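In: Here is the input, now give the coordinates:
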Amino acid sequence: MTGSVYLEGARGAASRGAGLTEKGPARQLSEADASITAMTDMRRTPPRPLDVTALFPELAPLARTATRLHPRPGAPSPHDSSIGGPLLWPTDEPWPYCEGPHQWARSEKPHSPDDVRQLRRIKKVAKYRPVDDAGLTVFTPEERATLERIRGGRPHPEGPVPLLPLAQLYARDIPDLRPPGGDSTDLLQVLWCPCDHPPDKFMPRTVLFWRRAAEVTDVLATPPQPSAVQFDEYVPEPCLLAPEQITEYPHFMELSEELRARIQDWSRWEVAGTAVDSSFQESPSEFYEDHLSVAPGWKVGGWASWGPTDPVPRPCPVCGTESNPLLTIATFEWDDDTRGWVENEERPPVSPSFTALDPGHQRLIDFFRAKGMDVQERGRVSRSIREIVPQPPDLAPRQPTEVQIASGYRQQLYLCPVSAEHLHIELMQ
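Out: The predicted structure is shown next:
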């Protein structure tokens, strides 16, 4: 099979917008070009506090590699691996749409993707200015006029909604990106519908396309965009990637009962001495979860993170084979509990920061409530309030993509290893 392979979520109803194409050679990148293109810079996760397999040899055969993506805002091209960037999409291939059903929050007037990007540009410039006597952000007259125009909102879309690019991943850049079934495709494109899809999903619905990059000769320059999105946080900020392969071990809840009991036995950790934080004496499993098992943030492959729910079986909806973690779409790159995973180039300051936002967004909620302004359900803050109240400065490095899943969770995609044509699974954790 040549060209692109289309997949939609297991419960998805996104319309099929891609077929099979036969193309000639595309722009060829040299190995040097390819390695540089996808990298913003080198990012390195600090070494783990200890070799957990030395304490628990049973974990050694359970080790898996994962590729942390380390997204950073930038200006990707269609030839780059990216989050929220332009796709290497053939001009002769229809753009995919979502048929719904869509549920719009009538309490707020939705914005278009261009509105969202303009709001972000204004806020990024304004946040460095001194606040006024009331503690509010100061805007120029031109910025205020733009904010007033955008605040008027857009009509709720009727009918099918064009999907937004979420991620484009070249196999040359992502060591753990393996097309299922031994397929020879070398490019994964993930798009999503910028709306919730109740009652099954209170998160965007994703669609996957696997293709061979060399077969795309003419790239679509201006794909259609939705006239409005349900939440601004469903418009990803364009980011370049600095992929890094690491080793992970299963989340504590995916281990056998016997191994969980051994990990909870503090005496087994004491032999590691100062490498283990003694504050975890009452609950060693938290030390294992936070520092040794599953990395936070955007990543490909590895093990899944659990917590809001216990682990559940993920059988392929087509053939029943257990699906593997494909992509983790993360609200945050790290939180207070997982600071130890912050790459060396982004080590946070010792001073207090607004990092206790995952999963409850509590610090941000408290931040607004202290100013006498309440927040909505799911930890989301009214757009009109966000526009005038200065944001905590610590959000940018932890949330480079500007994506938010519910009140700060992760959307995890799982893929059947048998065939790229089998439907994928979506879970929120």
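In: C-alpha from now on. contacts and neighbour counts both.
Out: Fine.
In: How about residues contacting stretch 57-73?
Out: Here stretch 57-73 makes contact (Cα atoms under 8 Å, 6 or more residues apart in numbering) with 40, 43, 52-53, 82-83, 174-176, 237-250, 259, 295, 297-303, 333, 397, 400-401.
In: for stretch 317-331, same thing?
Out: 10, 177, 296-304, 313-316, 399, 402-405, 408-418, 422-425.
In: next one: that stretch to chain centre, how far?
Out: The chain centroid and the centroid of stretch 317-331 are separated by 15 Å, computed with Cα atoms, centre = their mean, to the nearest Å.
In: Residue for residue, what is the longest helix this protein has?
Out: helix 113-126 (DSSP state H).
In: And it, what does it pack against?
Out: On a contact count with 3 or more Cα pairs under 8 Å, 6 or more residues apart in numbering; DSSP states H and E, helix 113-126 meets helix 141-151.
In: in the helix it packs on, what counts as buried?
Out: Of the residues in helix 141-151, 143, 147, 150, 151 count as buried by neighbour count, 16 or more other Cα atoms under 10 Å.
In: what helices or strands is that helix leaning on?
Out: Going by 3+ Cα pairs under 8 Å, 6+ apart, helix 141-151 lies up against helix 113-126.
In: for the helix it packs on, what is the average pLDDT?
Out: The average pLDDT within helix 113-126 is 93.
In: Stretch 326-335 too?
Out: Averaging pLDDT along stretch 326-335 gives 95.
In: Pass me the low-pLDDT residue ranges in the chain, would you?
Out: Across the chain, the ranges flagged by pLDDT under 70 are 1-41, 105-107, 345-396.
In: rerun that using 50 as the cut-off
Out: 1-4, 8-38, 40, 349-361, 376-379, 392-396 (pLDDT under 50).
In: what ranges do the helices span in it?
Out: Using DSSP H, helices in the chain cover 31-37, 52-55, 113-126, 141-151, 257-263, 266-270, 284-288, 362-369, 383-388, 395-398.
In: that older thread, any residues touching the longest helix of the chain, and which ones?
Out: By Cα under 8 Å, 6+ apart, the residues outside helix 113-126 that reach it are 137-139, 143, 147, 150, 225-229, 232, 235, 237, 387.
In: Which of those residues ranks first by neighbour count?
Out: residue 229 (27 neighbours; other Cα atoms under 10 Å).
In: Quick one: residues contacting the nearest residue to that one once chain neighbours are set aside.
Out: Leaving aside its chain neighbours, residue 229 sits nearest to residue 194 (5.3 Å; criterion: Cα to Cα, 6 or more residues apart in numbering). Contacts for residue 194 (Cα under 8 Å, 6+ apart) come out as 163, 164, 204, 205, 229, 230, 231, 234, 235.
In: Check residue 158 too.
Out: Contacts of residue 158 (Cα under 8 Å, 6+ apart): none.
In: This completes my enquiry, with thanks.
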